[in-house]
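J.: one predicted model, sequence on top.
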Amino acid sequence: MLNDVFLDELASSLTPVRRRSVRRETGMLVGLGALELALFLGIGAMRPDMGQAIGLPFMWWKLGSLALIVAISVHTAVRSFSPTVSPRPGLILLTGVIGLAAIMGAVVSPGLSAGGTILERLSPAHGLVCMAAIVVLSLPMLGMLAILMRRGASTHAEGSALAVGVAGGSWGAFVFAFCCPANDPLYVLIWYCAGCAAVTLTSRLILPKYSTL
């Protein structure tokens, strides 16, 4: 009898939990991304020659590849927060898309001026700054995804964390691409991948533990 009373009191104190909605959560991420991009461009961060550069195959490759990676990784991450959905198919697709983008980058015509030795093309001093900028710009998206992951019930925390990391890193790279003055595919492949890899690795190491606290 005491157990029944206790259970009744416990049940009466419970409040309904709002069901997850992939559409709603995706909308929140789209809104956050649009706000970040608008603020970034609003402070005058866009490269001054964007009007000329946007017509180049190089720029279409860079922005198009990043946008596609962002879309796939966000979709994979948000769906994987459900206990019945595995991120594995999305991660496999992402691997193929990233590989294809890298191959296309190896053959796309460089934009405007790109040449010199390998070291000159990589420009490590500028590359490290680009890498750091990508990491910083990824933080809002990464943070929102981490919150959604914790609110969800992923049964594949490591895979979800990888998808979250790719989404955050590629979004940071996409935003940064609007101000990055580099026109060399080699530079973009090396330093953008380095920035995204840093975000993804951090996400993979931290989020599985954070989501289970």
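T.: Good, I have the coordinates. Numbers count the residues shown, from 1 in each chain.
J.: may I have stretch 170-186 exported as CSV, CA atoms only?
T.: C-alpha atoms of stretch 170-186 as CSV (Å, rounded to 0.1, in the frame of the first residue of the first chain):
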residue,chain,number,x,y,z
SER,A,170,32.2,22.5,-42.0
TRP,A,171,29.8,25.3,-41.0
GLY,A,172,32.7,27.3,-39.5
ALA,A,173,34.6,26.7,-42.8
PHE,A,174,31.6,27.8,-44.9
VAL,A,175,31.2,31.0,-43.0
PHE,A,176,34.9,31.7,-43.2
ALA,A,177,35.0,31.0,-46.9
PHE,A,178,33.2,34.3,-47.5
CYS,A,179,36.1,36.3,-46.2
CYS,A,180,39.1,34.0,-46.9
PRO,A,181,41.3,35.7,-49.6
ALA,A,182,43.0,32.4,-50.6
ASN,A,183,42.3,31.3,-54.1
ASP,A,184,44.3,28.1,-54.1
PRO,A,185,42.5,24.7,-53.9
LEU,A,186,45.6,23.2,-52.3
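J.: my read is that Leu145 contacts Gly169, right?
T.: No - using CB atoms under 8 Å, Leu145 is not in contact with Gly169; the gap is 11.1 Å. C-betas here are computed from N, CA, C, even on glycine.
J.: low pLDDT regions in this structure?
T.: Low-confidence segments of the chain, defined by pLDDT under 70, span residues 1-19, 110-115, 211-213.
J.: hey, where'd the helices end up in it?
T.: 2-13, 22-42, 50-53, 57-80, 88-107, 118-122, 124-151, 157-177, 185-210 (DSSP state H).
J.: for Ser73, see how far away the closest residue to Ser109 other than its chain neighbours is.
T.: Spatial nearest neighbour of Ser109, excluding adjacent residues (CB to CB, 6 or more residues apart in numbering): Pro57 at 5.4 Å. Pro57 sits 24 Å away from Ser73, going by CB to CB, to the nearest Å.
J.: which one of those two has more residues nearby?
T.: Neighbour count, other CB atoms under 10 Å: between Pro57 and Ser73, Ser73 has more, with 30 against 14.
J.: can you give me every residue that contacts Ala182?
T.: Ser123, His126, Cys130, Val188, Trp191 (CB atoms under 8 Å, 6 or more residues apart in numbering).
J.: how many neighbours does the closest residue to Ser86 other than its chain neighbours have?
T.: Distance criterion CB to CB, 6+ apart; nearest residue to Ser86, sequence neighbours excluded, is His156 at 5.4 Å. Counted with other CB under 10 Å, residues neighbouring His156 total 18.
J.: and His156, how far from Leu139?
T.: Applying CB to CB to His156 and Leu139 gives a distance of 24 Å.
J.: ok, Leu94 next?
T.: As judged by CB to CB, Leu94 and Leu139 stand 21 Å apart.
J.: equivalent analysis for Ala38, please.
T.: From Ala38 over to Leu139 the distance is 17 Å, taken as CB to CB.
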